[in-house]
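# Kindly generate the corresponding structure for this input.
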Amino acid sequence: MNKYGIITAMKEEMQEIEKLMHQKESQRIYELNFIKGNINNTEVILVKSGVGKVNAARTTQLLIDNFKVDAIINVGSAGSANDELEIGDIVIGDKLVQHDFDATAFGRPKGYISNLGQYVESDDILIKKMENNISNIQDNNFNIKIGIIASGDIFC
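Presented below is the predicted three-dimensional model:
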């Protein structure tokens, strides 16, 4: 059975996911509250990291070190520059880019990170699992899109 870490940035996001969890228990590590439990017979560890890439990276490392998760899913609300998206739509990122990382002075495209490239690519199997699980949500009034997600520490 796979074990998934789920990271949210804000309390409201975490609360909605926690409502889906069963057999919950909490563990505090470095002032973060990790909630272990199950969603649909899948073991998950839910945590609110706080806003920003540094908080997300720190929390990701704590999930890896302390819970030996198989995959990490970062969930949250976001804006969009894509006219095809409506409020409430869900985007599953097949590629991720940092819109605020700029090494263009060195001849690299915006978002390019040394030894990594311009994009971080998501796992194809995990993308399919996410798409299948989201598709099974009852009473859905949203579309599911797979595409590039840009992240940054600047609110646009």
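
# Enumerate every residue touching the residue nearest to residue 28 when sequence neighbours are not counted.
Spatial nearest neighbour of residue 28, chain neighbours left out: residue 34 (7.4 Å); criterion: Cβ to Cβ, 6 or more residues apart in numbering. From N, CA and C alone the C-beta is placed, and that goes for glycine too. Applying Cβ atoms under 8 Å, 6 or more residues apart in numbering to residue 34 gives the contacts 26, 27, 28, 45, 46, 47, 62, 63, 66, 67.

# nearest to residue 91, of the residues you listed?
Checking the contacts of residue 34 against residue 91 by Cβ to Cβ gives residue 46 as the nearest, at 20.2 Å.

# Check which helix or strand the closest one maps to.
Secondary structure assignment for residue 46, by DSSP states H and E: strand 42-48.

# Could you look up the SS state of residue 127?
helix (DSSP: H, G, I helix; E, B strand; the rest coil).

# on that earlier part again, in the strand holding residue 46, which residues are buried?
43, 44, 45, 46, 47, 48 (16 or more other Cβ atoms under 10 Å).

# As a markdown table, the residues you listed with distance to residue 155 and pLDDT would be great.
Formatted as a markdown table, these follow (distance: Cβ to Cβ, whole Å; pLDDT from 0 to 100):
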| residue | distance to residue 155 | pLDDT |
| --- | --- | --- |
| 43 | 34 | 94 |
| 44 | 28 | 93 |
| 45 | 28 | 97 |
| 46 | 24 | 97 |
| 47 | 22 | 97 |
| 48 | 18 | 96 |
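
# And the furthest pair within the residues you listed?
The farthest-apart pair in those, when distances are taken by Cβ to Cβ, is 43 and 48, at 18.6 Å.
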